[in-house]
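A.B. asks: pasted the sequence and its predicted model underneath.
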Amino acid sequence: MDLEECINLYLKYLKFEKNLTPDSIHSYNKDLIQFKNYLEKNNIKDINEINLDIFRQFLKHLDKFRYSNQTVIRKYSSYNNFFIFLESGNILPQQLSQFIQSPKKHHKLYNFLSQAEIRNLIDNIDTATVLGLRNKALIEFIYSTGARVSEVVNLKLEDIDMLNNEINIFGKGRKERIVYLNKNSKLWLEKYLELRNTLLYSKKNESYQPKMSDSKDYIFLNRLGGKITARGVRKIVQSCLIKAKLTKKISPHGIRHSFATHLLQEGAGIREIQELLGHEDISTTQIYTHLNIKKIKEDYRKFHPRA
């Protein structure tokens, strides 16, 4: 079978059978296209021509790009799952998946903000405009819920239960979980939602009308009334950091890490934090225990009279 045909078949499977998010499918597609391009440069277009030696050569080819550990693990997972799909359908005769061993995961220690820095970040956001209200509601929301950027940009009005301060989140693999709004997050989200429709229906958006029907259900919108993007969220966070004169390199994911770290510092259990973050594996959440131990050591050296 033609390689491109196999990839298209697999992507349809991910969309309709596995119900993966568009972002996840895009990542799979990107990895598989890279594999396809490599094979075509080596005059391989049929899936039956792939063998273990060819795949190992491709993995060596990937080493040239010096990808991060996290990216390499994702790529290995993409190819392994692709081969399993082809093998289960008897499309790929060789059992390549059993020979793919993913590298060991290195848990990255992300930057995070202290509780005082979070207050500084949020307090310095100008809320005189609807975009300012959106920015404050957005950052309050991430810090209140620990949501991923991909979850924030896909959040819809129907996912909010203001009465119970609960948010229905669809995480990785469309897995559903409940997260909670604190009183500040609820306050600023309500203020933003009161004026949100002005982004949809302002005069600036006349040329943007075709996209409005696609974005009208989403909570966080861009200045033209479209659904905000992950890149847009990152730009907002960077802008707010500059206004607050905070020099740490913090991404939206860093605010998510701040959420988890502060919960742990205040006594929350690691299992509860795992549930709130939507981590499948407890080892992913346990990185915060290491962060907390580091903070404890720093405080000990700083405050103990004989340290």
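C.D. replies: The structure has been received and is ready for your questions. Numbers count the residues shown, from 1 in each chain.
A.B. asks: quick check: next helix or strand after the strand or helix carrying residue 81?
C.D. replies: Applying DSSP states H and E as the criterion places residue 81 in helix 69-88. Going down the chain from helix 69-88, the next helix or strand is helix 115-123, by DSSP H and E.
A.B. asks: buried residues in whichever helix or strand comes after that next one?
C.D. replies: Once helix 115-123 ends, the next helix or strand along the chain (criterion: DSSP H and E) is helix 130-145. Neighbour counts over helix 130-145 (16 or more other CB atoms under 10 Å) mark 130-131, 133-145 as buried. For glycine as for every other residue, the C-beta is placed from the backbone atoms N, C-alpha and C.
A.B. asks: before we move on, the earlier item: which outside residues touch the helix holding residue 81?
C.D. replies: 6-7, 10, 13, 27-28, 31-32, 34-35, 47, 55, 62, 67, 92, 95-97, 100, 102-103, 105-106, 108 (CB atoms under 8 Å, 6 or more residues apart in numbering).
A.B. asks: avg pLDDT for that helix?
C.D. replies: Helix 69-88 shows a mean pLDDT of 92.
A.B. asks: contacting residues for residue 13?
C.D. replies: Applying CB under 8 Å, 6+ apart to residue 13 gives the contacts residue 85.
A.B. asks: ditto for the one 10 residues further on
C.D. replies: Applying CB under 8 Å, 6+ apart, one finds that residue 23 lies in contact with residue 150.
A.B. asks: name the element it belongs to?
C.D. replies: Secondary structure assigned from DSSP H and E places residue 23 in helix 22-41.
A.B. asks: now residue 57
C.D. replies: For residue 57, the host element (DSSP H and E) is helix 52-63.
A.B. asks: burial of residue 76, as a residue count?
C.D. replies: 17 (other CB atoms under 10 Å).
A.B. asks: packing partners for the helix holding residue 57?
C.D. replies: When contacts are defined as 3 or more CB pairs under 8 Å, 6 or more residues apart in numbering; DSSP states H and E, helix 52-63 sits against helix 22-41, helix 69-88.
A.B. asks: right, and these - which one's nearest residue 233?
C.D. replies: Closest to residue 233 of these is helix 22-41 (CB to CB; 13.0 Å).
A.B. asks: checking residue 179 next. Helix, strand or coil?
C.D. replies: strand (DSSP: H, G, I helix; E, B strand; the rest coil).
A.B. asks: my read is that it contacts residue 167, right?
C.D. replies: Yes. Taking CB atoms under 8 Å as the definition, residue 179 is a contact partner of residue 167 at 4.9 Å.
A.B. asks: shared neighbours of those two, anything?
C.D. replies: 145, 147.
A.B. asks: residue contacts, residue 99?
C.D. replies: Contacts of residue 99 (CB under 8 Å, 6+ apart): 52, 55.
A.B. asks: and the next helix or strand past the helix or strand of the chain with the lowest mean pLDDT?
C.D. replies: In the chain, the helix or strand scored least confidently by mean pLDDT, DSSP states H and E is helix 209-215, which has a mean of 60. Using DSSP H and E, the helix or strand that follows helix 209-215 in sequence is helix 230-243.
A.B. asks: the strand or helix carrying residue 259: which residues count as buried?
C.D. replies: Per DSSP H and E, residue 259 falls inside helix 252-265. Using 16+ other CB under 10 Å as the test for burial, helix 252-265 gives 252-264.
A.B. asks: measure residue 14 to residue 95 for me?
C.D. replies: 21 Å (CB to CB, to the nearest Å).
A.B. asks: er, residue 194 actually
C.D. replies: To residue 95, residue 194 is 58 Å away according to CB to CB.
A.B. asks: follow-up on the earlier one: distance to residue 246 added to the helices and strands packed on helix 52-63, as a markdown table?
C.D. replies: Formatted as a markdown table, the helices and strands packed on helix 52-63 follow (distance: least, CB to CB, whole Å):
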| stretch | distance to residue 246 |
| --- | --- |
| helix 22-41 | 28 |
| helix 69-88 | 25 |
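A.B. asks: most tightly surrounded among the ones you listed?
C.D. replies: helix 69-88 (a mean of 18; mean count of other CB atoms under 10 Å).
A.B. asks: quick check on the nearest residue to residue 178 once chain neighbours are set aside: phi, psi?
C.D. replies: Of all residues not flanking residue 178 in the chain, residue 166 sits nearest, at 5.4 Å (CB to CB, 6 or more residues apart in numbering). Phi and psi for residue 166, reported as degrees, to the nearest 10, are phi -120, psi 150.
A.B. asks: what is the burial count for residue 166?
C.D. replies: By the criterion of other CB under 10 Å, residue 166 has 15 neighbours.
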